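1. only geometry, no sequence info:
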């Protein structure tokens with residue numbers, strides 16, 4: 001990926017490159033169940049993570065970390081924890097909507113060859129961080145930008161990605177060894 005200087009004027013991309021950016025944005029989807037089973041190549045994973053690391057972050061705090069999970073046994077543990085939370089979620093719906101909810105295909109954790117847990121270290125940078133003085137959530141918003149960059153890069157690479165939101169933080173932290181003080185922002189399935 002080319003590095004750019006912050007002093008370079010923002011010029012419009014040539015039409016083909018501009019169209020490619022908009023195509024990635026407009027064709028991005030949340031994949032739930034239909035992942036290709038073959039592993040994501042290591043050089044592609046590096047490109048995806050580099051794209052995520054190039055996201056804007058307020059005060060250049062870069063509060064994010066990315067935990068890559070390929071091990072099937074670990075993914076199975078996470079899927080089991082998801083299953084328990086998903087069963088609880090189904091019961092929250094009225095009886096007539098529970099069957100609809102249960103019919104959703106949400107098996108990406110096991111099927112996708114790569115899972116990534118995106119976290120935010122809210123203590124990174126110390127007690128006072130530039131431009132987070134009055135809005136303490138800017139680190140979380142910046143981490144969301146990193147997720148979006150990763151998602152668009154995955155789309156450009158022809159890799160499906162889904163965001164799993166049905167889990168208990170404590171379960172994921174226990175399985176992945178994430179310290180209590182770290183926030184989990186996203187659990188992503190790629191393939």
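-> Thanks, I have the structure now. The shown structure was predicted, so the numbers you read here are calculated from the model rather than taken from an experiment.

2. who does residue 114 bridge with?
-> Following DSSP bridges, residue 114 is listed with bridge partners residue 190.

3. residue contacts, it?
-> By Cβ atoms under 8 Å, 6 or more residues apart in numbering, the contact list for residue 114 reads 39-40, 45, 68-70, 189-191. (Glycine included, C-beta is placed from N, CA and C.)

4. 6 Å - rerun?
-> Counting by Cβ atoms under 6 Å, 6 or more residues apart in numbering, residue 114 touches 40, 70, 190.

5. please apply the same query to residue 48.
-> Per Cβ under 6 Å, 6+ apart, neighbours of residue 48: 150, 153-154.

6. re the thing from before, need the contacts of residue 114 in CSV (columns: distance to residue 145).
-> Formatted as CSV, the contacts of residue 114 follow (distance: Cβ to Cβ, whole Å):
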residue, distance to residue 145
40, 22
70, 25
190, 18
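
7. and those, which are buried?
-> Among these, the ones that count as buried by 16 or more other Cβ atoms under 10 Å are 40, 190.

8. what comes up buried for the helix or strand harbouring residue 174?
-> Residue 174 is part of helix 169-176, with elements assigned from DSSP states H and E. Buried positions in helix 169-176, judged by neighbour count with 16+ other Cβ under 10 Å: 171-173, 175-176.

9. what does stretch 114-134 give?
-> 114-122, 125, 129, 132.

10. test my guess that residue 78 contacts residue 107.
-> No: using Cβ atoms under 6 Å, residue 78 makes no contact with residue 107, being 11.9 Å away.

11. between these two, who's got more neighbours?
-> Shown here are residue 78 and residue 107; by other Cβ atoms under 10 Å, residue 78 has more neighbours (21 against 17).

12. sec struct for that one, please.
-> Counting by DSSP: H, G, I helix; E, B strand; the rest coil, the backbone at residue 78 sits in helix.

13. so what does residue 187 have for phi and psi?
-> phi -120, psi 120 (degrees, to the nearest 10).

14. for it, give me its contacts.
-> By Cβ under 6 Å, 6+ apart, the neighbours of residue 187 are 117, 164.

15. what do you get if the cut-off is 8 Å, keeping everything else the same?
-> By Cβ under 8 Å, 6+ apart, the neighbours of residue 187 are 78, 109, 115-118, 163-165, 167, 172.
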